[in-house]
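Q: Sequence plus the predicted model coming up.
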Amino acid sequence: MCMRPNASNRPNAALLGAFWFGIQMVLGALLGISLQARSIQLAPHQALAAFGLLMASGACVAAVTQIAAGILSDRRRLRGSRRLEFYAAGAVAGALAVVYFYTAPVFWQLVASFMLLQLALNMAMGPYQAAIPDFIELKNLGSASAWMAALQSAGNVAGVVVAAFVKSAAAAGAVIGTVLLLACAATGLHVRKLSPVEEVAAPLRITRAFIDLFISRALVYAGFYTLVGYLYFYVARTMSGDVKTHTGLLILLFLAAAAIGALVAGRPANRFDRRDVATAGGGVFILALVLFLFAAISGQVVGAATLAGFAWGVFLTADWALGCTFLPRGALATAMGIWNLALLIPQIAAPAIVTTVLSVLRALQSTEAPRIAFVIAAIEVAAGVIWLRRLPASRSSGAWRGTSGNNGRT
């Protein structure tokens, strides 16, 4: 049965996306700067290996948590829940864990804190990401996805600012944790007033389109995490000056451009084939990675970071819209949890792939190691964009989650 929102409970994409801003503020601070900086601080002689261990351990916890939380929240949803208990538990535990991360005195505690943080955030993420298809009608998915992508970039910007420029570790953790709680409250209060677009229940069905979407997303995100993960080391080995500040500024440019790209892509994602929008974003992202390889002066590095950010924002909008189109509505949070493995697996695989290649090339300690990593990133994104073309055509007037005709069927 379809339930359309009336004027008093109309969904607001910005408010629905507020919690995403808070989650992405945490991830922006850690994945762009703090994981690398704390690895160097607590394991100075094995920083690259320590960074890989942190990423792998956190991603393993996140993968298990996402699936478990998704299944539980779908069961709760059938009993009338709006999944808010998952939001609240994840936000409170996440706020405590992020403070622990920034104040951990030794490396093993840093690993433990990051695993706890991933447990907390992923308790909320799968259930929370079902909010867009739960409450937003098909015709507005492109615009809502643009809001989510833009708020993701804005949250990442906020996290990078805190990580790069707040000198006190305890203060940085407190600020990030507080914003996470406030963002959760803003979204939770709004969701309490909403009625779902549809009320359906069905067993999770993995379609061919779901599989193709997962593989293409995983490949593209492997390239993204390679760029973001090794940008700090790129700056450290190829640029002079304060590494933390320079990396923070580059990531800020990247994310500001990504927010613009996300908003620009909103209307095309509503009107045109979303595969084409995603392909355009991925193609320009590859071009930006090539520019990084040949950048010789700071201005060229800035240009490459800005172009990469804009392209990433375009891809994010199309990625959200494709996910909301092809994921099965009857088990949304479970499907979102599986879909998010396409983000988590690359967090493990990207450092492992780069470390393996660098080891084979005997380039782990070379100043060229980050550039080699960027070559790997370009190959990964190209593979993802090519795989994306296996998906059925997708527009706002097309099939809903692969259930119209034979679209997306196994």
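A: Alright, I've got the coordinates. Numbering: from 1, shown residues only.
Q: quick one: low-confidence ranges for the stretch 101-250 of the chain?
A: When residues are selected by pLDDT under 70, those of the stretch 101-250 of the chain lie in 133, 136-143, 145, 196-204.
Q: rerun that using 90 as the cut-off
A: Where the stretch 101-250 of the chain drops to pLDDT under 90, the residues are 122-157, 160-161, 163-167, 169, 188, 190-210, 213, 225, 228-249.
Q: contacting residues for Val228?
A: Taking C-beta atoms under 8 Å, 6 or more residues apart in numbering, we find Val228 in contact with 31-32, 251. Any C-beta I mention is one placed from the backbone N, CA and C, and that applies to glycine too.
Q: Looking at those, which gets the smallest pLDDT?
A: Least confident by pLDDT among the contacts of Val228: that is Gly32, with 74.
Q: Now that residue: closest residue in space, sequence neighbours ignored.
A: Distances taken as C-beta to C-beta, 6 or more residues apart in numbering put Ile251 closest to Gly32, at 4.6 Å, once the chain neighbours are dropped.
Q: Now do the SS call for the one you found.
A: In the three-state summary, Ile251 is assigned as helix, counting by DSSP: H, G, I helix; E, B strand; the rest coil.
Q: Quick check: it vs Ala91, distance?
A: Ile251 sits 24 Å away from Ala91, going by C-beta to C-beta, to the nearest Å.
Q: same deal with Ile67?
A: Look at Ile67 and Ala91: by C-beta to C-beta, they are 20 Å apart.
Q: now swap in Ala163 and tell me
A: Applying C-beta to C-beta, one obtains 19 Å for the distance of Ala163 from Ala91.
Q: any idea which helix or strand carries the residue most central in space within the chain?
A: Closest residue to the average C-alpha location of the chain: Leu343 at 6.6 Å, with C-alpha atoms, centre = their mean. When elements are assigned from DSSP states H and E, Leu343 belongs to helix 332-360.
Q: Please compute how far that helix lies from its chain's middle.
A: Going by C-alpha atoms, centre = their mean, to the nearest Å, the spacing between the C-alpha centre of helix 332-360 and its chain's C-alpha centre is 12 Å.
Q: Ala262 contacts Thr317, doesn't it?
A: Yes. The pair Ala262 and Thr317 qualifies as a contact (C-beta atoms under 8 Å) at a distance of 4.8 Å.
Q: where do the contact lists of those two overlap?
A: In terms of C-beta under 8 Å, 6+ apart, Ala262 and Thr317 are both contacted by the residues 146, 149.
Q: okay, the two: which has more neighbours?
A: Under the criterion of other C-beta atoms under 10 Å, the comparison of Ala262 against Thr317 puts Thr317 first, with 35 against 31.
Q: elements contacting whichever helix or strand that one is part of?
A: Taking DSSP H and E as the definition, one finds Thr317 inside helix 298-326. For helix 298-326, the helices and strands in contact under the criterion 3 or more C-beta pairs under 8 Å, 6 or more residues apart in numbering; DSSP states H and E are helix 131-135, helix 141-165, helix 208-238, helix 243-271, helix 274-294.
Q: let's see it at 10 Å
A: Other helices and strands packing on helix 298-326, by 3 or more C-beta pairs under 10 Å, 6 or more residues apart in numbering; DSSP states H and E, are helix 107-129, helix 131-135, helix 141-165, helix 208-238, helix 243-271, helix 274-294, helix 332-360, helix 369-388.
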